[in-house]
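1. All I have is the shape, not the residue letters:
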């Protein structure tokens, strides 16, 4: 009898929480809000502005997406290590966070067609002569963990270089600035800004590793939402709205984005 | 990139508020659960004792960082979305309960068995025995190490930063990402933690000394 | 919950996890060893050094013990270079763990030394032993019995603490789990496996220290 009461109380406690995990467009519409995960430590894609609010290209894309859905946007700040747990445990409905599209990741999530592209660039101080991947041999190379550039460089260099993998982008940029790594592979425009603001050690672009298209990221079973997001990206790419946002943050036209 | 302004230190102080609230909530949650664990640990029922031992082993034998990750998202995995606040408090509470349970088990066991037998002989049942004989005496022994543990708890809230909870450490991280003045920012953050923790350390040590003198007499 | 666990990607990455485990063991053992050395000198300075040195060691212990390890790591890795001291991640992690661990081991060793009544040292001195000899032959063997159990717990705490150093890109077990999760997006599976490995290590060392205590001091396990 006592056990029964315990279970009953437990069930009562759990009951009110069994709501809201929006899988489909209809569910988001009837809820009236969409929860979007964003990074706030990758300027100009995502930053905290002086009011400590999220701002940046990704955040503007998230807001535009909310406008087209016709619901309120609830921005959720995520970090490198927790971004996927936030998504798969329904704490957010989708992520707009400059995530590179790879087949390995696509086993676990759904990517939309690309909504932005970044240049993946190798940065190093002026006095280092680096023109290609081979020149990185014997150096300490910083990358954010598990990113496209991490996989490429690890495969190409193996044990010829010492890879230093950081949890997030700011740590990666800062480690180069403070000289704890010899070179990094990171997002080009973010690095340009960061090293222009901190010109001390004379860090410059060495070469472009690749053009990396990024997708809006959803759970594996959100096919219905995925179709809508693809339609949204296609539409704002065609009507020029995405280009306006891109110009606002990067002062250049939206690059040619591949589709799949 | 922007420059560090005076208002940013206000941002850190405001974030320290969350560190305090998080610590207090986790101490409360961990305290309630910890008491149950301590009682189970000294219980007559073997199954309860084993359960408590298992619990303590798991939470003392794995990194708090990973516990926080798993608990933070564990609720949603089981279909119980808890929200970041409750998840962070729950994660820290579950961990604190293991440590407080061990501390309090020791305090309870410091009450001599003769007293318990005497109380039983007088016909006291479990609840009055615990409430009127054992726990009041255990409390005296427990208070110094408990206050000492609170220091650990305040410090461990910093790990909530890694799962993205904006408290003092995460605020320092965010500020540093925007302004890049690591020495100044993390120095200030460390100073704020010190101001929070040091009085507790001193108080705990005083109480310990007083208790030691009392026992010597 | 509709989440489907898939441990395949994690099992495929077993060499990374094994390597991470070995690195965690090496990092923990090395920092424990170094902090023990620091602790012996620190505790001696704290108990019988000149007054300013005593105060210095006390201040160090208080500063370290009242601030979070994570913030100490940030200060060492990102803060020190801005004042001209540069460390790579693995060295930085080792130094942070030693600096942090020493503060705790100093107190453990000090408690061990202070558990020996001063009369014994005086007696040893009266028998013609000098300070160092008195320490080595009289104090140390007895103090060891007091310090070994808490040092065992300290080692396990240190090992679990070392999981935090992945934030500055140092290589160890949690870093390996993080690498796997950000490549495959299989976060839960990676964290669960890493947690299980840490748990196994903790149990292993708890048992090992218990048998060491039994063998060395011939007494039942204290717990």
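-> Now that the structure is in, tell me what you want to look at. These numbers come from a predicted model, not from an experiment.

2. How about stretch C:136-152 and chain B, touching?
-> No - using Cβ under 8 Å from any Cβ of the partner chain, stretch C:136-152 never reaches chain B; the gap is at least 12.6 Å. For the C-beta atoms, the positions are set from N, CA and C on the backbone; glycine is no exception.

3. got the residues of the stretch 151-260 of chain A near chain B?
-> A:167, A:170, A:174, A:177, A:193, A:194, A:197, A:198.

4. what number of residues lie near the fifth one?
-> Which is residue A:193. 15 (other Cβ atoms under 10 Å in any protein chain shown).

5. quick check, residue A:211 in a strand?
-> Yes - according to DSSP: H, G, I helix; E, B strand; the rest coil, the state of residue A:211 is that of a strand.

6. how about it, what does it touch?
-> Counting by Cβ atoms under 8 Å, 6 or more residues apart in numbering or on different chains, residue A:211 makes contact with A:117, A:118, A:119, A:120, A:255.

7. beta partners of it?
-> residue A:119 (DSSP bridges).

8. gap between it and residue A:70?
-> 33 Å (Cβ to Cβ, to the nearest Å).

9. repeat for residue C:70
-> Taking Cβ to Cβ, one finds residue C:70 at 42 Å from residue A:70.

10. Please identify which of those two sits among more neighbours.
-> Neighbour count, other Cβ under 10 Å: between residue C:70 and residue A:70, residue C:70 has more, with 26 against 10.

11. wait, does the helix or strand where residue B:13 lies contact chain C?
-> Using DSSP states H and E, residue B:13 sits within helix B:6-41. No - applying Cβ under 8 Å from any Cβ, one finds helix B:6-41 separated from chain C by no less than 9.6 Å.

12. quick one: contacts of whatever helix or strand comes next after that helix?
-> Downstream of helix B:6-41, the next assigned helix or strand under DSSP H and E is helix B:46-60. Contact with helix B:46-60 is made by B:37-38, B:40-43, B:67, B:94-95, B:97-99, B:101-102, C:156, C:199, C:202-203, as judged by Cβ under 8 Å, 6+ apart.

13. run the last query once more with 6 Å
-> For helix B:46-60, the surrounding residues in contact (Cβ atoms under 6 Å, 6 or more residues apart in numbering or on different chains) are B:37, B:40, B:41, B:43, B:95, B:98, B:101, B:102.

14. Spell out for me the ChimeraX command that would select the buried members of these.
-> ChimeraX command restricting those to the buried ones, with burial defined by 16 or more other Cβ atoms under 10 Å in any protein chain shown:
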select /B:37,40,41,95,98,101,102
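
15. Buried residues in the host helix or strand of residue B:94, which are they?
-> Assigned by DSSP H and E, residue B:94 falls within helix B:83-109. Residues B:84, B:86-108 are the ones in helix B:83-109 that count as buried (16+ other Cβ under 10 Å).

16. Any idea which helix or strand in chain C has the lowest mean pLDDT?
-> Every helix and strand of chain C was ranked by mean pLDDT, DSSP states H and E. The lowest is helix C:131-134, at a mean of 84.

17. This completes my enquiry, with thanks.
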